[in-house]
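**Student:** show me how the following folds:
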Amino acid sequence: MSSPHWPCLRLARALGGAPRVPFTLADEGGVERRLGSVAEPDLAALAAWPEAFALTPAGVRLILPPATRDAALASIHQALRDQGRILAWRNEPYPLRDREGGTHGVIERAASRFWGLLTVGAHCNGHLADAQGRPTHLWIARRAATKATDPGRLDNLVGCGVPLGQGPREAVVREGWEEAGLLPAQMAGLQAGGVFELDADIREGRQVEWLHVYDLALPPDYRPQAIDGEVDEHHCLPVAEALARAAAGELTTDASLATLDFGLRHGLLGADAPALQAALDRLRVPGLPG
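**Tutor:** Now for the predicted structure:
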C-alpha cells in the first residue's frame, strides 16, 4: 500500500533549472523585502524597463511606486508573455507576495512562476469511511486535457490556487463547486491537514507555494460532477490503490503530497510511515497550522 519512493518528495524541492538571482523591493517603510527570483536568461529582457527594475549585481529590484505598480506590471507581463517568457496565462489576479506572505500589489497568476513568487494552494482529499471512521476510498479526479498545467494528470477531488481576496479554506470551498459540484453546506465538515512548502523548478519557472491540505468525509451516495470543465472524470478508488498511484507519481506533485499527508495522518501507510513522515515534515511550513 505504501512505497518508499513517492517522487513528490523529491519534485517538491527539485531545483535543476537555470540559475536565478534575487527579486526584491523596498516596502513603503523602506524595508527590503525578498519577493522571489529571476532566471538569469531573462535578465536581458528586463533591461527594457529601466523605470520598473534596477538590475544590480545583487539581483533585480522592483522600483515601481505602489500607485502605478499594478498597471505597469500588467503591461510588462503581457509583453513577457508575447516573448514566450510567461507561460500558462490564466487571466486570474493574484497577490504580489513577499516570501513572508506580505502583499505589495496585484499580478496575473501566470507571472508568479516567472518571478518565483510565493503563491498559496489548497487541496481537498474527498474520502469515504467505514462505520468506525477509517477511510476506505478516495475520490480522485483526472484533470482536463485542456488545462494549462498538468493536463490529463490525476489529482485530488478538489485542488486550486488561492486567488486575490480569498483564504485557503474559502478557495477550496469555491472550487469544490466548480470541480466537484459540492455546495458549501456539503463542505461544512472540511478538516484541515498539513501545510507544506514546494520550492521547485517547473516548466513555467519557479514554483514557490504553501500548499494547504484539507480532508472531507463524503456520503457513500455522493457522485462528483465537474461544473467548470477543468476535470474530465472522477474515480472512487480504494485507499490502497489511491496511495499506490500517488506513490508511483501518477498524481500531480501537489496532489501526491496532499494524499501522502492524508495517508500518514490516518495511519494508512504501514512500515514506511516513519521515514515518509520525516521526509514530509521537512516540507512543513513553520508556524502554520497542520
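
**Student:** what's the neighbour count on the closest residue in space to Pro7 that isn't next to it in sequence?
**Tutor:** Nearest non-adjacent residue to Pro7, counting by CB to CB, 6 or more residues apart in numbering: Gly249, 4.2 Å away. Where C-beta positions appear, they are placed from N, C-alpha and C, glycine not excepted. Gly249 has 18 neighbouring residues, counting by other CB atoms under 10 Å.

**Student:** same question for Gly105.
**Tutor:** Neighbours of Gly105 (other CB under 10 Å): 19.

**Student:** please name the residues that touch it.
**Tutor:** Residues near Gly105 by CB atoms under 8 Å, 6 or more residues apart in numbering: Pro66, Arg69, Asp70, Leu73, Pro95, Leu96.

**Student:** let's go with 6 Å and repeat that
**Tutor:** Applying CB atoms under 6 Å, 6 or more residues apart in numbering, we find Gly105 in contact with Arg69, Asp70, Leu96.

**Student:** pretty sure it is in a strand, no?
**Tutor:** Yes. Counting by DSSP: H, G, I helix; E, B strand; the rest coil, one finds Gly105 located in a strand.

**Student:** which residue is the nearest non-sequential neighbour of it?
**Tutor:** Leu96 (3.9 Å).

**Student:** that neighbour falls within a strand, correct?
**Tutor:** Yes. Counting by three-state DSSP, Leu96 is part of a strand.

**Student:** which stretches of the protein form strands?
**Tutor:** For the chain, the strands defined by DSSP state E occupy 20-26, 32-39, 53-56, 59-62, 93-97, 103-108, 118-129, 135-143, 154-156, 158-161, 191-202, 205-217, 231-238.

**Student:** could you dump the ones you listed into TSV with distance to Leu269 added?
**Tutor:** Below are these laid out as TSV (distance: least, CB to CB, whole Å):
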stretch	distance to Leu269
strand 20-26	35
strand 32-39	34
strand 53-56	47
strand 59-62	41
strand 93-97	33
strand 103-108	37
strand 118-129	14
strand 135-143	12
strand 154-156	17
strand 158-161	21
strand 191-202	14
strand 205-217	15
strand 231-238	14
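
**Student:** now those strands as JSON lines including distance to Gln78 and mean pLDDT?
**Tutor:** Below are those laid out as JSON lines (distance: least, CB to CB, whole Å; pLDDT from 0 to 100):
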{"stretch": "strand 20-26", "distance to Gln78": "19", "mean pLDDT": "97"}
{"stretch": "strand 32-39", "distance to Gln78": "18", "mean pLDDT": "96"}
{"stretch": "strand 53-56", "distance to Gln78": "16", "mean pLDDT": "96"}
{"stretch": "strand 59-62", "distance to Gln78": "17", "mean pLDDT": "97"}
{"stretch": "strand 93-97", "distance to Gln78": "14", "mean pLDDT": "95"}
{"stretch": "strand 103-108", "distance to Gln78": "8", "mean pLDDT": "96"}
{"stretch": "strand 118-129", "distance to Gln78": "20", "mean pLDDT": "97"}
{"stretch": "strand 135-143", "distance to Gln78": "26", "mean pLDDT": "97"}
{"stretch": "strand 154-156", "distance to Gln78": "29", "mean pLDDT": "97"}
{"stretch": "strand 158-161", "distance to Gln78": "20", "mean pLDDT": "95"}
{"stretch": "strand 191-202", "distance to Gln78": "22", "mean pLDDT": "97"}
{"stretch": "strand 205-217", "distance to Gln78": "16", "mean pLDDT": "97"}
{"stretch": "strand 231-238", "distance to Gln78": "29", "mean pLDDT": "95"}
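
**Student:** what about the stretch 151-290 of the chain, any weak spots by pLDDT?
**Tutor:** Along the stretch 151-290 of the chain, segments meeting pLDDT under 70 span 287-290.

**Student:** give me the number of residues near Ile227?
**Tutor:** Using other CB under 10 Å, Ile227 has 15 neighbouring residues.

**Student:** that one against Glu178, yeah?
**Tutor:** Yes. Ile227 is within contact range of Glu178, at 5.2 Å (criterion: CB atoms under 6 Å).

**Student:** still on that earlier bit, contacting residues for the residue nearest to Gly105?
**Tutor:** His104, Gly105, Ile107.

**Student:** against Ala79, how distant is the first one?
**Tutor:** To tie it back to what came earlier, the one meant is His104. With distances taken as CB to CB, to the nearest Å, His104 is found 21 Å from Ala79.

**Student:** more neighbours: which of those two?
**Tutor:** His104 (20 against 13).
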